[in-house]
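Novice: Got a sequence here, can you model it:
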Amino acid sequence: MYLNPFKARKVSPPKILVGGFATLILLGAILLSLPFSTHDGRIPFLDALFTATSAVCVTGLVVVDTGTYFTRFGQTVIMFLIQIGGLGFMTAATLVFILLGKKITLRERLVIQEAMNQISQQDLIRLVFRVVLLTFAIEAIGALLLSTRFIPQYGLWTGLFYAAFHAVSAFCNAGFDLIGGFTGLTPYAHDPVILLTIASLFILGGLGFTVIMEVHQKRRFVRYSLHTKMVLLVTVILLVLPTVIIFALEYSNPATLGQLSLGNKIINAFFTAATPRTAGFNSLPMDGLLPHTLFFIISLMFIGASPASTGGGIKTTTFGALVVAVISTIRGREHPLLYSKQIPVEILRRALSIVMVSFLLVFFATFALLITEGGSLLDMLFEVVSAFGTVGLSTGITPELSPAGRMILIIVMFAGRVGPLTLVFSLAKRMQKAPVKYPEERIMIG
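Specialist: This is a model prediction of the structure:
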């Protein structure tokens, strides 16, 4: 007999998801605490918990250097935590149950539906298989391309492991790397193969599984659903415009783009613009970026990736829906329209709720971090938004945080990974038609 996490009939799907992620994090922290997980044979449990949380929540913030502190076993544990965290707890659990020959009940389908951010339960099990196969296929191609650079540098087996680790970390938008010395990918700022391969992986991972499959199946933009059209539109805008802005802001900065050739400046500006979308890799030293560039990156991290993806943040569609609503209001339209389709009012209400809850979480976490750490507002805000958006970018202060500061970021990372997802569906399920209709009265706004 094995324990079935779905047996508790009174436990709501959001609670199952939260409990599943919490259990996985605790298990990962225990494994990373084992003597053979680190080179010196011991790691403070809080550091192991922080690393496990960052891996499962596909964040990438680290308090110890992944490439030099952990043994190959510890690095493998981190890679598996990233993979399960990227796929989602329920996707991994469903795959295991299917392989064990267990029948997936209606109750379990409801949880899968919530975990994968799907509107209906139609073909959910088939979708799980497609998600897993798609993930492994993309990661395999990415690892193959990366191995052409890592094998000549590190040898066959180490090069293969590095290629696999970085492919998984990139597609899952985790941002963990094994280069060592907290340098990120800065040693490869002149290598377009490494940068463009990793960028392609985390951009694909941030689009969302359903979007990738719909693009593959329907192939023509006019046939895509409104969701896919909005994801692609917002993604393109948030890749092109920030690339231009970062290129202009950092062009002459000797600590970042200033010393690179024109071609490498464009590639690194693009990489730096794309990575705040919850990827967490950096090809430029983050502590070398100008303050206004860091502030601009904070806004990108807050928006994050798309629904049903491996990324975090408030999501591109949440941001896009509110922008469409604002534009429609300015133009005097009664209903928000995009591609001749009307966005329902309840969607806008949920989008606004997500933004407000996320903003309050970031505000209070930054306030708490300023109290415990006493650093600059920009550094603390950058760190908190990076944790909330499950990005993993840092100006270098993460390893210096106090135990209280690390606990704050652990909570923010966890909330950022499961919060917006569960909020959408919990709001949808709790919304019931009121038995009594109360009179309306206008208030002055603006």
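Novice: so Gly205 makes contact with Gly312?
Specialist: No - Gly205 lies out of contact with Gly312 (CB atoms under 8 Å); the separation is 11.5 Å. Placement of C-beta: from N, CA and C, glycine included.
Novice: What does Cys341 show for phi and psi?
Specialist: Cys isn't right for residue 341; it's Lys. Lys341 adopts backbone torsions of phi -120, psi 140, taken as degrees, to the nearest 10.
Novice: got a list of what the closest residue to it other than its chain neighbours touches?
Specialist: Computed as CB to CB, 6 or more residues apart in numbering, the closest residue to Lys341 that is not its neighbour in sequence is Leu226, at 4.7 Å. Neighbour list for Leu226: Leu338, Tyr339, Lys341, Ile343 [criterion: CB atoms under 8 Å, 6 or more residues apart in numbering].
Novice: if you set the cut-off to 7 Å instead, what comes out?
Specialist: By CB atoms under 7 Å, 6 or more residues apart in numbering, the contact set of Leu226 is Leu338, Tyr339, Lys341.
Novice: out of these, which are buried?
Specialist: Leu338 (16 or more other CB atoms under 10 Å).
Novice: doesn't Leu241 fall inside a helix?
Specialist: Yes - applying DSSP: H, G, I helix; E, B strand; the rest coil, one finds Leu241 inside a helix.
Novice: Tell me how many other residues crowd it.
Specialist: Using other CB atoms under 10 Å, Leu241 has 12 neighbouring residues.
Novice: Where does the prediction get shaky in this protein?
Specialist: 1-17, 88-125, 419-434, 444-446 (pLDDT under 70).
Novice: switch to 80 and redo it
Specialist: Low-confidence segments of the chain (pLDDT under 80): 1-20, 87-130, 209, 308-312, 334, 418-438, 440-446.
Novice: report the longest helix in it, please.
Specialist: helix 124-154 (DSSP state H).
Novice: hang on, the earlier thing: separation between the residue nearest to Lys341 and Leu26?
Specialist: 39 Å (CB to CB, to the nearest Å).
Novice: what do you get for Gly41?
Specialist: Separation of Gly41 from Leu26 (CB to CB) stands at 21 Å.
Novice: Then Thr329?
Specialist: Separation of Thr329 from Leu26 (CB to CB) stands at 46 Å.
Novice: What is the burial count for Gly181?
Specialist: Neighbours of Gly181 under the rule other CB under 10 Å: 10.
Novice: list the contacts for the nearest residue to it once chain neighbours are set aside?
Specialist: Spatial nearest neighbour of Gly181, excluding adjacent residues (CB to CB, 6+ apart): Asp65 at 6.5 Å. Contacts for Asp65 (CB under 7 Å, 6+ apart) come out as Gly180, Gly181, Phe182.
Novice: right, and Pro192 touches Asn268 too?
Specialist: No - using CB atoms under 7 Å, Pro192 is not in contact with Asn268, being 9.7 Å away.
Novice: between those two, who's got more neighbours?
Specialist: Neighbour totals were compared for Pro192 and Asn268, and Asn268 leads with 26 against 16 (other CB under 10 Å).
Novice: So the more buried one is in contact with Leu284, correct?
Specialist: Yes - with contact defined as CB under 7 Å, Asn268 counts as touching Leu284 (5.8 Å).
Novice: could you measure the residue positioned nearest the centre of the chain against Phe388, distance?
Specialist: Against the mean C-alpha coordinate of the chain, by CA atoms, centre = their mean, the closest residue is Gly311 at 2.3 Å. For Gly311, the distance to Phe388 equals 12 Å [CB to CB].
Novice: again, but for Ile179
Specialist: 25 Å.
Novice: which of those two has more neighbours?
Specialist: The neighbour count for Ile179 versus Phe388, taken as other CB under 10 Å, is higher for Phe388 (29 against 17).
Novice: Quick check: the more buried one touching Val412?
Specialist: Yes - counting by CB under 7 Å, Phe388 does reach Val412; the two are 5.2 Å apart.
Novice: Residues that sit against both of those two, list them.
Specialist: Common neighbours of Phe388 and Val412 (CB under 7 Å, 6+ apart) are Leu361.
Novice: so where do the strands sit in the chain?
Specialist: 337-338, 341-342 (DSSP state E).
Novice: Measure how far the first one is from the centre of its chain, please.
Specialist: Put simply, strand 337-338 sits 27 Å off its chain's centre (CA atoms, centre = their mean, to the nearest Å).
Novice: and it, what other elements does it pack with?
Specialist: Helices and strands in packing contact with strand 337-338 are not found; criterion 3 or more CB pairs under 7 Å, 6 or more residues apart in numbering; DSSP states H and E.
Novice: follow-up on the earlier one: what sits in contact with each of Asn268 and Leu284?
Specialist: Joint contacts of Asn268 and Leu284 (CB under 7 Å, 6+ apart) are Ala189.
Novice: Disregarding flanking residues, what is the spatial nearest neighbour of the residue nearest to the centre of the chain?
Specialist: Excluding the flanking residues, the one nearest Gly311 by CB to CB, 6+ apart is Ala305, at 2.5 Å.
Novice: Give me the neighbour count for that neighbour.
Specialist: Counted with other CB under 10 Å, Ala305 comes out at 30.
Novice: close enough to count as contact, it and Thr318?
Specialist: No - with contacts counted by CB under 7 Å, Ala305 stays clear of Thr318, the gap being 11.0 Å.
Novice: Assess the claim that Gly41 and Tyr69 are in contact.
Specialist: No - look at Gly41 against Tyr69 with CB under 7 Å: they stay out of range, at 11.5 Å.
Novice: Have a look at these two and say which one is more surrounded.
Specialist: More crowded of Gly41 and Tyr69, by other CB under 10 Å: Tyr69, with 19 against 10.
Novice: Looking only at neighbour counts, state which of Thr329 and Leu26 leads.
Specialist: Neighbour comparison, Thr329 and Leu26: the larger count goes to Leu26, with 14 against 11 (by other CB under 10 Å).
Novice: so how far is stretch 41-53 from its chain's centroid?
Specialist: 21 Å.
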